[in-house]
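Undergrad: just coords:
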């Protein structure tokens, strides 16, 4: 069956209305829907409307609090720890990023670690909030354990993404947003749907052998850290994923490593959890706490122009700047709509019927 | 010819004396020698005593200032930009890290970008300074362009390392220190000396084809970003290396991308350099600006114990924690001495004769 296409407004309104049914206040329902749909617009289909029913089931299971009282539980001039009170991560993340930016306004930089939260959508959209105030934005989060450390057969880390957004002058902003694995889980899901094998270096089987079976993770296998194998630097991807886990959860008092609560509501929580919920980490650095923003932006424009003009390997049109593919995708999908695969259409139609919310 | 072994004290004293001949003040000569030798102790042979004659030649060429007046040229409560006045990076980096830690003492965190500097040895040793005060330490630097962005045949980035040191309780500290390439240049130098081919994914030839010729970089080839190929996530390594370049040099006003001054003194500087010298970036985050240090350390100990106890792939004894191999190497080399290959022995003996400094 061919993909069905929906407009941004259709899906945004539906998501907002579903969050309202859960009991979110209007402003938080709008914010959550905006963050969720940013994934669909930017082409990260695994983190957008496809997850809406998952968030709903977490709320049904009592693991998401639609009326959270988020609060700062510890702070210094440039830092804060936030207890998100089991909020949707989609709501907790913008709240925390605003706190980081407020700190940066006064102290030059702001750094916020969050405990007791849930899945926050794509990292990039939170980092990008800082751009509006000429700040560098940083966002990271831990996630359900799917990734094996180098030399291990156990899944101890999430795909733990890092996003960094950097202001520019005339050029579009530099926006890196990457899982610390060779490939994000969403990339694997695409291969599963198309019934195509996974490239070597993405996953291993339950015994730690490299596998190309796109369903291997369901058989006790694991995603691999960026690098794939030790010889190709997987110990670096493992270290990066670990740093994200520690900044997000050990600094905040959330759960880390294999204790991170799973996204899917039907999997049980560990009974010896060392912290609360999942953890995030955000940073904001005011450019003019380092040098005049105009000078920085002029240099960034030159940096980007030089890299974009780099000689290419035969068959490649242009060297890309982090953020280029996602920006083009936003333009296309705002214009032509967001294509959803059959399974996702079925999923949101069922949700629509169940909740009596118009799609 | 078999390796020759020197004691730490022999090499430390020799390096200190050479820096003194260059005109460094006693305390700075000691600091530079300590930083330089930390590389040999930790097993990063490419960044230690093997580079001493290179630093000396940069001083002869007028590119290193042995009597720098380093100063803060811009600051906020949690940030500073330092003009290193063409100092040895070995001296500029500890100075900047101390500024970052001073900021962190008052504001919770400190972030310092450095312009007008030179090669700073290994990143890890600078990040580790923060451990003494229960802070997380971060260090990064840009470097001579040897790395091609994904899809490009041009060398526009250095191996741009990131180091993160995290305090612990009873466990040894977590210390990640990694080039943002598949393999650091030093790893390639080892293969060159042993006349062994490079694994696929480490380098490409001048046209951008994957190569296993360990000498390819001298033929117009390039090192590859962590990931190696696009399918294996090289765009992530490229983004990480870019972030290091921007934080180190665009934030500080140093040279970036292809304009970074080469380490070897015989290569000319670009004539259109946009900044001053090379750039570094340092961070210090006080643990108790987030939560009580004792709680954090108890969780870090649990984190490390859990990962160390993870089930291993057959044939592997244990899952390693970032910093483990280097820590064991320090113990071994402090006890048994530092083995140097013939070429390095010859190099430092020549320097000894030339400067009349006893080795």
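TA: Everything's here; your move. Only a predicted model underlies this, so the values are computations on that prediction, with no experimental measurement involved.

Undergrad: Tell me, what's the model's pLDDT at the residue in the stretch 251-359 of chain A that chain B sits nearest to?
TA: Closest residue of the stretch 251-359 of chain A to chain B, C-beta to the nearest C-beta: residue A:313 (3.3 Å). In short, each C-beta sits where N, CA and C put it, glycine included. pLDDT for residue A:313: 96.

Undergrad: wait, what's in contact with it?
TA: With contact set as C-beta atoms under 8 Å, 6 or more residues apart in numbering or on different chains, residue A:313 has these partners: B:151-153, B:207-209.

Undergrad: And whatever helix or strand residue A:36 lives in, what does it pack against?
TA: According to DSSP states H and E, residue A:36 maps onto helix A:26-42. Judged by 3 or more C-beta pairs under 8 Å, 6 or more residues apart in numbering or on different chains; DSSP states H and E, helix A:26-42 is in contact with helix A:8-22, helix A:89-107, helix A:123-127, helix A:324-336.

Undergrad: can you rerun that using 10 Å?
TA: helix A:8-22, helix A:52-60, helix A:89-107, helix A:123-127, helix A:324-336, strand A:338-340 (3 or more C-beta pairs under 10 Å, 6 or more residues apart in numbering or on different chains; DSSP states H and E).

Undergrad: Name the residues that touch the fifth one?
TA: Looking back up the chat, that one is helix A:324-336. Identification of contacts with helix A:324-336 by C-beta atoms under 10 Å, 6 or more residues apart in numbering or on different chains yields A:5-9, A:37-44, A:122, A:124-125, A:172-175, A:177, A:304, A:308, A:318, A:320-321, A:338-339, B:235.

Undergrad: Identify each buried residue in that helix, please.
TA: Across helix A:324-336, burial judged by 16 or more other C-beta atoms under 10 Å in any protein chain shown covers A:324, A:326-327, A:329-330, A:333.

Undergrad: what would those look like in TSV with pLDDT?
TA: Below are these laid out as TSV (pLDDT from 0 to 100):
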residue	pLDDT
A:324	98
A:326	98
A:327	98
A:329	98
A:330	98
A:333	98
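
Undergrad: Now do the strands in the stretch 51-200 of chain A.
TA: Secondary structure of the stretch 51-200 of chain A (DSSP state E, counting those that start in this stretch): strands located at A:71-76, A:79-83, A:109-117, A:135-141, A:162-166, A:174-178.

Undergrad: which residues touch the residue lying closest to residue A:60 once chain neighbours are set aside?
TA: Distances taken as C-beta to C-beta, 6 or more residues apart in numbering or on different chains place residue A:265 nearest to residue A:60, at 7.1 Å, with adjacent residues excluded. By C-beta under 10 Å, 6+ apart, the contact set of residue A:265 is A:53-64.

Undergrad: would JSON lines of the contacts of residue A:313 with distance to chain A and neighbour count be doable?
TA: Below are these laid out as JSON lines (distance: C-beta to the nearest C-beta, whole Å; neighbours: other C-beta atoms under 10 Å in any protein chain shown):
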{"residue": "B:151", "distance to chain A": "4", "neighbour count": "20"}
{"residue": "B:152", "distance to chain A": "4", "neighbour count": "24"}
{"residue": "B:153", "distance to chain A": "5", "neighbour count": "22"}
{"residue": "B:207", "distance to chain A": "7", "neighbour count": "12"}
{"residue": "B:208", "distance to chain A": "3", "neighbour count": "22"}
{"residue": "B:209", "distance to chain A": "8", "neighbour count": "12"}
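
Undergrad: sorry, back to before: narrow the contacts of helix A:324-336 to those that are buried.
TA: Buried members of the contacts of helix A:324-336, scored by 16+ other C-beta under 10 Å, are A:6, A:8, A:37-44, A:122, A:124-125, A:173-175, A:177, A:304, A:320-321, A:338, B:235.

Undergrad: Check which helix or strand residue A:271 maps to.
TA: Here residue A:271 is assigned to no helix or strand, by DSSP H and E.

Undergrad: By average pLDDT, which secondary structure element in chain A comes out worst?
TA: Within chain A, no helix or strand scores below helix A:185-194, which has a mean of 87 by mean pLDDT, DSSP states H and E.

Undergrad: after that one comes which helix or strand?
TA: strand A:203-204.

Undergrad: how about that following strand, does it reach chain B?
TA: Yes. Legend: contact between strand A:203-204 and chain B by C-beta under 10 Å from any C-beta of the partner chain is shown at residue A:204.

Undergrad: Let me know which of the helices and strands packed on helix A:26-42 is tucked in deepest.
TA: Of all the helices and strands packed on helix A:26-42, helix A:123-127 carries the top mean neighbour count, a mean of 29, counting by mean count of other C-beta atoms under 10 Å in any protein chain shown.

Undergrad: what number of residues lie near residue A:220?
TA: For residue A:220, the neighbour count with other C-beta atoms under 10 Å in any protein chain shown is 13.

Undergrad: Distance check, it against chain B.
TA: 11 Å (C-beta to the nearest C-beta, to the nearest Å).

Undergrad: okay but that residue is in contact with residue A:207, surely?
TA: Yes. Look at residue A:220 against residue A:207 with C-beta atoms under 10 Å: they come within range, at 8.7 Å.

Undergrad: residue contacts, the most centrally placed residue in chain A?
TA: For chain A, residue A:122 is the residue whose C-alpha lies nearest the centre (C-alpha atoms, centre = their mean; 2.8 Å). Going by C-beta under 10 Å, 6+ apart, residue A:122 touches A:35-36, A:38-44, A:46-48, A:93, A:128, A:139, A:141, A:161, A:163, A:177, A:186, A:326.

Undergrad: which residues in the stretch 251-359 of chain A form helices?
TA: A:293-308, A:324-336, A:342-355 (DSSP state H, counting those that start in this stretch).

Undergrad: Show me the one of these that comes nearest residue A:195.
TA: The minimum distance between residue A:195 and the helices of the stretch 251-359 of chain A falls on helix A:342-355, with 13.6 Å, by C-beta to C-beta.

Undergrad: And the average pLDDT for the closest one is what?
TA: 96.

Undergrad: counting contacts, what elements does that helix pack onto?
TA: Against helix A:342-355 (3+ C-beta pairs under 10 Å, 6+ apart) you get strand A:4-6, helix A:8-22, helix A:52-60, strand A:338-340.
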